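S.K.: For reference, the sequence and a predicted model appear below.
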Amino acid sequence: NHQPGTVTYNSAMSACVAKKRWRHSLELLDAMSSALLIPDLVSFNSALAACEHSHQWIPALVLLEEMKMHKLQPDVISFNTLLTVMQSASQWAHALAILSEMPARKVLPDDISCNVAIAACSRGSHWQAALHLLLSGCCDAVLGCALTVAAGEAASSYAC
């Protein structure tokens with residue numbers, strides 16, 4: 001009698017991402033423990049991706065905490081997925097908190113991290129925070145210039 005392993009569960013969770021079935025993905029993650037399997041980073045990143053594609057920011061934050069409980073170190077993919085969830089849900093403050101947590105977790109933000117955090121601020125109508133991230137050198141010059149223009153346009157719409 002062959003029992004499904006971690007790879008099988010991870011594959012099923014990835015299929016849930018494609019179908020935007022975030023609840024099913026989280027249920028599979030929980031089922032791994034019942035099957036005496038230990039979820040790995042791929043398991044959690046798959047569950048995060050399911051949350052991302054369904055704009056489920058609260059379950060995504062819970063998953064980050066569960067990673068800590070499983071003593072798993074999130075990678076840049078984990079954090080970028082979390083940032084994208086926050087951006088899509090207009091949760092700019094959470095995006096900034098996640099971005100600032102990355103170095104504390106020994107994960108360096110990359111251009112995607114910075115640009116998504118900036119987009120989250122912009123989407124949340126917090127262009128000042130977006131501009132601060134730009135000026136702090138968070139992202140590269142090419143994308144930064146494009147975002148500066150976007151932030152400036154947003155700022156002009158709030159001018160008195």
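M.R.: Arrived safely, thanks for sending.

S.K.: got a pLDDT number for residue 122?
M.R.: On pLDDT, residue 122 comes in at 76.

S.K.: I'd like to know which elements the helix or strand where it lies is packed against.
M.R.: Taking DSSP states H and E as the definition, residue 122 sits inside helix 111-123. Secondary-structure packing of helix 111-123 (3 or more CB pairs under 8 Å, 6 or more residues apart in numbering; DSSP states H and E): helix 76-88, helix 92-104, helix 127-135, helix 141-157. Just so you know, the C-beta spots here come from the backbone N, C-alpha and C atoms, and that holds for glycine as well.

S.K.: buried residues in the strand or helix carrying residue 9?
M.R.: Using DSSP H and E, residue 9 sits in helix 6-18. Of all the residues in helix 6-18, those buried under the rule 16 or more other CB atoms under 10 Å are 9-10, 13, 16-17.

S.K.: contacting residues for the spatially most central residue of the chain?
M.R.: Centroid-nearest residue in the chain, with CA atoms, centre = their mean: residue 82, separated by 1.3 Å. Contacts for residue 82 (CB atoms under 8 Å, 6 or more residues apart in numbering) come out as 48, 60-61, 64, 74, 98.

S.K.: again with residue 89
M.R.: Shown in contact with residue 89 (CB under 8 Å, 6+ apart): 55, 57.

S.K.: The closest residue to residue 123 other than its chain neighbours - how many residues pack around it?
M.R.: Nearest residue to residue 123, sequence neighbours excluded (CB to CB, 6 or more residues apart in numbering): residue 90, at 5.3 Å. By other CB atoms under 10 Å, the residues close to residue 90 number 17.

S.K.: Quick one: residues contacting the closest residue to residue 28 other than its chain neighbours.
M.R.: Leaving aside its sequence neighbours, residue 28 sits nearest to residue 13 (CB to CB, 6+ apart; 5.1 Å). Residues in contact with residue 13 (CB under 8 Å, 6+ apart) are 25, 28-29, 43, 46-47, 50.

S.K.: do the same with residue 44
M.R.: Listed by CB under 8 Å, 6+ apart, the contact set of residue 44 reads 29, 63, 66-67, 70, 72, 74, 78.

S.K.: Go again with 10 Å.
M.R.: Neighbouring residues of residue 44 by CB atoms under 10 Å, 6 or more residues apart in numbering: 10, 13, 29, 63-64, 66-67, 70, 72, 74-75, 78, 81.
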